[in-house]
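Participant: Model the following, please.
(one chain, ligands or ions: 2)
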Amino acid sequence: MKAPVKITKDSPVTVLPGVGEVKAKAYAKLGVFTLSDLLFYYPRAYEDRSTIYPLAASPADGKCAVVLVVGSEPKLVRLRSRKTFLKFRAFDESGTCEITYFNQDYLKSVFSVGSIFRFYGKVERAGKKYAMSSPAAEPWVEEAPPPPLYAVYKKTDGLTQKQIQKDVAAAMELLFGETVDPLPEEIREKRGLCDKAFALAQIHRPDGFESLNRAKNRLIYEEFFLFSLGIATTRLAEEKSYAFPLKRQNLSLLFSRLPFALTASQKTAISEICADLAKETPMRRMLVGDVGSGKTVCAAAAMLCALQNGRQAVLMAPTEILARQHFLDLSPLFEALGYKTALLLGATPAAEKRKIREGLSIGAIGLVIGTHVLLSEGVEFFAPGVVVTDEQHRFGAAQRAQLSEKNQSAHLLVMSATPIPRSLALTLYGDLDVSRLTELPPGRQRVDTYAVDETFRERVNTFIEKQVADGGQVFVICPSVEEREGGELSLSEIGAFGPEPFERPPMKAAVTHAKELAERFPDVGVACLHGRMKSKEKEAVMAAFVSGETKILVSTTVVEVGVNIPNASLMLIENAERFGLSQLHQLRGRVGRGNRKSYCILAAGQGSSEKALGRLRVLATTYDGYAIAEADLRERGPGDFLAVSEDGGVRQSGGLSFRLADAGSDLSTLLDATADAKELLQQDAALSGYPALKEELQKAFTIKTGYIS
Ligand code: ADP
Ligand code: MG
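Facilitator: Numbering: from 1, shown residues only. Ligands and ions are numbered 1, 2, ... in the order given. Here you go, the predicted structure:
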């Protein structure tokens, strides 16, 4: 007989009744392997069943809750296919609704005439009549109404909503009493935070808005706290480590090959960087400069410095597109100087990957450019001298911490076009030294910016036409579409007293919008690019746009960072109200990179308020990245400054994920968490008095290769 296995949070999901290998595979696709993963698989939204609609006022799109009295005996109809359906009428003061259930004969006795139920589902209209098909039903007692909110999870093939709900509940039951709270009690008390078990229970099965809100606040705090602890401990370790000093040698070998002269601020930044490199403590410097200010050259100088000192150089970019572009720009320069270069991407064929890994480990490759694949296990450097990350704001600070841990003795340069407000810099980066590029290269022009609403659609189209006719190219950016149905609330819309008022205009989805534009401009090449495309497809689409074969590129924010198309003269952003101002500013920086007079149009979606438009108009008059970043932080909280994965997928910075951080988190929570983390480390730097916390921290900051490759 098999000994009974003790079930722990690390048990695989297959210990749950009804979950076998097939379902486990489906869960794996969602990143859920263990029971604990399941508990941390937070709902993507909640069904609001607390707002009761009269039938006559039920929304035309999406689901809603209605409270109805059963008005007729349910009739069971047998179909020839052996299927059955159950049919009855139910009514409220405003109308009558026909309700149907399929293959659920047993419900016949449940819906007795005169009984009252809360039904949740889509109300269809058939003339004056209403109809609902298989709505969720719960007996309605006015004084003790059923739960107001139901969790909705992100699904995948092979797993239904019901299945996930059931499994989460089962996992919760199995682990009952096992949840150890990583947050020190004194901190919980000081900040008025509920305990972990309560928070997890409420996030999945909320008793009401108030308790869900408390759960949310607590979990957000914890994410911030772990994050701050991780950054602070990394920084402590860095300060103690040794780096191989890199003496400045002959950088003009590089500069003389450039078709331009360096700007004064590039020269200053390069001297600051070189001064750091020459020291025996590892450089931890951030280079901030608006898009187009010429950060890449500064990175190249640092990397050359490493190579000239017999060390290796690493450049990590947040997207494959950007990594490729850097490689195309830099590889010829460095190869001409006699250094072997390589490009390492997730999409690189396995055999080639192996070869590159070997080249890196024996030092045969001097410069490697790639994505976060460079962080994965098995990628070892022979003698790393300088590690550069580009567009750091897209990576997140936790990845920087990982990078630093992996290459403790290397000098690190992080580059970002997003100026980080001072108040955040300390938290996010553990206080790096900062160099700034304050001027744009000569000849750059300002991108004229306009905020418009839907009434301008035709004029916008005419403008696109004109740009293309003049030989320019057009970017059209659409927000990435989330799965979300009418009637559902996301966590950010939940406050202690109910749903927060929230604008949600309908969105333009990249794929459908590209189709519309292709119809509108039949003679012009229109292409579409989004995060769910295969790497090869993306590459082909991008190549066609670079070559000028396609004139209009409709895309999600995958093009946000770094891509250089000098011929692009118009950046049109749809549903611009959905983006942070900093992000819009970044996107705007994609145009105006060549000689063409360039424009940015921020199109607010249908139903956007005057306030939303006003917010967008700020960009029409402001070009100062810092001012824009500060405004963003005030308005939207710190969420935008934390890492967002490409195309808005799961927020993840290596092992540490901000699952909830932008669900209504505010700056003060982040600052509180940072202060608390610092204080705790001062008392107990090794966290020896807090084993549960230490374990969480180690988990959060370890590289999860499963995600990376
Ligand atoms: P970013 O700071 O956004 O990364 P890049 O490094 O991509 O900017 O530079 C943008 C463009 O400007 C590139 O085409 C680059 O070759 C060019 N560039 C960089 N420095 C200068 C300069 N000093 N004078 C003229 N052009 C420059
Ligand atoms: Mg760049």
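
Participant: Near ligand 1, which residues of the stretch 251-400 of the chain? Just list them.
Facilitator: With the criterion set to CB under 6 Å from any ligand atom, the stretch 251-400 of the chain comes near ligand 1 through Phe260, Leu262, Thr263, Gln266, Gly289, Val291, Gly292, Ser293, Gly294, Lys295, Thr296, Val297. No exception for glycine: its C-beta is placed from N, CA and C like everyone else's.

Participant: ugh, wrong one, the stretch 601-709 of the chain
Facilitator: Close to ligand 1, as judged by CB under 6 Å from any ligand atom, the stretch 601-709 of the chain has no residues.

Participant: Quick one: the helices in the stretch 251-400 of the chain, in order.
Facilitator: 252-255, 264-277, 295-308, 320-336, 350-362, 397-406 (DSSP state H, counting those that start in this stretch).

Participant: Reformat those helices as a markdown table; add mean neighbour count.
Facilitator: Shown next, in a markdown table, are the helices of the stretch 251-400 of the chain (neighbours: other CB atoms under 10 Å):
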| stretch | mean neighbour count |
| --- | --- |
| helix 252-255 | 15 |
| helix 264-277 | 19 |
| helix 295-308 | 24 |
| helix 320-336 | 19 |
| helix 350-362 | 15 |
| helix 397-406 | 24 |
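
Participant: Same list (those helices) but as a markdown table, adding mean pLDDT.
Facilitator: Formatted as a markdown table, the helices of the stretch 251-400 of the chain follow (pLDDT from 0 to 100):
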| stretch | mean pLDDT |
| --- | --- |
| helix 252-255 | 96 |
| helix 264-277 | 97 |
| helix 295-308 | 98 |
| helix 320-336 | 93 |
| helix 350-362 | 96 |
| helix 397-406 | 70 |
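
Participant: quick one on the thing from earlier: ok, so of the residues of the stretch 251-400 of the chain next to ligand 1, who is nearest Gly208?
Facilitator: Proximity to Gly208 was ranked across those by CB to CB; first place goes to Val291, at 45.3 Å.

Participant: and the closest residue to that closest one other than its chain neighbours, what does it touch?
Facilitator: Distance criterion CB to CB, 6 or more residues apart in numbering; nearest residue to Val291, sequence neighbours excluded, is Gly589 at 2.7 Å. The contact partners of Gly589, by CB atoms under 8 Å, 6 or more residues apart in numbering, come to Asp290, Val291, Gly292, Ala417, Val447.

Participant: Just give me the least confident of the residues you listed.
Facilitator: Model confidence across the contacts of Gly589 bottoms out at Val291, which has 77.

Participant: Ramachandran angles for that residue?
Facilitator: With angles defined as degrees, to the nearest 10, Val291 sits at phi -50, psi 140.

Participant: domain assignment for this structure?
Facilitator: Following automatic domain parsing, one gets these domains for the chain: 1-46+164-175, 50-146, 243-437, 448-622.

Participant: got the end-to-end distance for the last one?
Facilitator: It refers to domain 448-622. With CA to CA, to the nearest Å as the measure, the first residue of domain 448-622 is 11 Å from its last.

Participant: pLDDT on it, on average?
Facilitator: 85.

Participant: now the helices for the stretch 551-700 of the chain?
Facilitator: Going by DSSP H, counting those that start in this stretch, the stretch 551-700 of the chain shows helices at 581-588, 610-621, 625-636, 667-683, 691-700.

Participant: Would you mind giving the domains of the chain as JSON lines with distance to Tyr153 added?
Facilitator: Putting those into JSON lines (distance: least, CB to CB, whole Å) gives the following:
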{"stretch": "domain 1-46+164-175", "distance to Tyr153": "4"}
{"stretch": "domain 50-146", "distance to Tyr153": "15"}
{"stretch": "domain 243-437", "distance to Tyr153": "24"}
{"stretch": "domain 448-622", "distance to Tyr153": "10"}
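
Participant: mind checking the SS state of Ala243?
Facilitator: coil (DSSP: H, G, I helix; E, B strand; the rest coil).

Participant: top helix in this protein by residue count?
Facilitator: helix 209-240 (DSSP state H).

Participant: Go through it and flag the buried ones.
Facilitator: Within helix 209-240, the residues scored as buried using 16 or more other CB atoms under 10 Å are 209, 211-235, 238.

Participant: For it, name the packing helices and strands.
Facilitator: The contact analysis (3 or more CB pairs under 8 Å, 6 or more residues apart in numbering; DSSP states H and E) places helix 209-240 against helix 196-204, helix 397-406, helix 422-429, strand 494-495, helix 667-683, helix 691-700.

Participant: could you redo the last one with a cut-off of 6 Å?
Facilitator: The helices and strands touching helix 209-240, judged by 3 or more CB pairs under 6 Å, 6 or more residues apart in numbering; DSSP states H and E, are helix 196-204, helix 397-406, strand 494-495, helix 667-683, helix 691-700.

Participant: what is the rounded mean pLDDT of the first one?
Facilitator: For helix 196-204, the per-residue pLDDT values average out at 94.

Participant: Distance from the chain centre to that helix, please.
Facilitator: How far helix 196-204 lies from its chain's middle: 23 Å, per CA atoms, centre = their mean, to the nearest Å.

Participant: okay, Gly378: pLDDT?
Facilitator: 87.

Participant: Throw the helices and strands packed on helix 209-240 into a markdown table and include distance to Met132, thanks.
Facilitator: Output for the helices and strands packed on helix 209-240, formatted as a markdown table (distance: least, CB to CB, whole Å):
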| stretch | distance to Met132 |
| --- | --- |
| helix 196-204 | 26 |
| helix 397-406 | 46 |
| strand 494-495 | 26 |
| helix 667-683 | 41 |
| helix 691-700 | 44 |
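
Participant: from these, which stretch is densest packed?
Facilitator: helix 397-406 (a mean of 24; mean count of other CB atoms under 10 Å).

Participant: Throw the helices of the stretch 551-700 of the chain into TSV and include distance to Ser134, thanks.
Facilitator: Output for these, formatted as TSV (distance: least, CB to CB, whole Å):
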stretch	distance to Ser134
helix 581-588	40
helix 610-621	37
helix 625-636	39
helix 667-683	41
helix 691-700	41
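
Participant: hmm, back to that, most neighbours, which of the contacts of Gly589?
Facilitator: Highest neighbour count within the contacts of Gly589: Ala417, with 26 neighbours (other CB atoms under 10 Å).

Participant: wait, that residue sits on Val291?
Facilitator: Yes: between Ala417 and Val291 there is a contact at 4.7 Å, judged by CB atoms under 6 Å.

Participant: Around Asp632, how many other residues sit close by?
Facilitator: Asp632: 25 surrounding residues under other CB under 10 Å.

Participant: can you check Pro245 too?
Facilitator: Look at Pro245: counted by other CB under 10 Å, it has 14 neighbours.

Participant: Contact partners for it?
Facilitator: Residues near Pro245 by CB atoms under 6 Å, 6 or more residues apart in numbering: Ala278, Glu280.

Participant: change it to 7 Å
Facilitator: Residues in contact with Pro245 (CB atoms under 7 Å, 6 or more residues apart in numbering) are Ala278, Lys279, Glu280.

Participant: what separates it from ligand 1, distance-wise?
Facilitator: Note on Pro245: its distance to ligand 1, by CB to the nearest ligand atom, to the nearest Å, is 26 Å.

Participant: ok, the closest residue to Gln445 other than its chain neighbours - how many residues close by?
Facilitator: Of all residues not flanking Gln445 in the chain, Gly592 sits nearest, at 5.9 Å (CB to CB, 6+ apart). Residues lying near Gly592 (other CB under 10 Å) number 25.

Participant: go on, Ala65?
Facilitator: Under the neighbour criterion other CB under 10 Å, Ala65 is assigned a count of 25.

Participant: same check, this time on Arg248
Facilitator: By other CB under 10 Å, the residues close to Arg248 number 17.

Participant: returning to that earlier point: mind picking the two most distant members of the contacts of Gly589?
Facilitator: Using CB to CB, the contacts of Gly589 span at most 14.1 Å, a distance reached by Ala417 and Val447.

Participant: any idea how far Pro54 is from the nearest residue to Phe209 once chain neighbours are set aside?
Facilitator: Leaving aside its sequence neighbours, Phe209 sits nearest to Gly498 (CB to CB, 6+ apart; 5.1 Å). Distance of Gly498 to Pro54, given as CB to CB, to the nearest Å: 19 Å.
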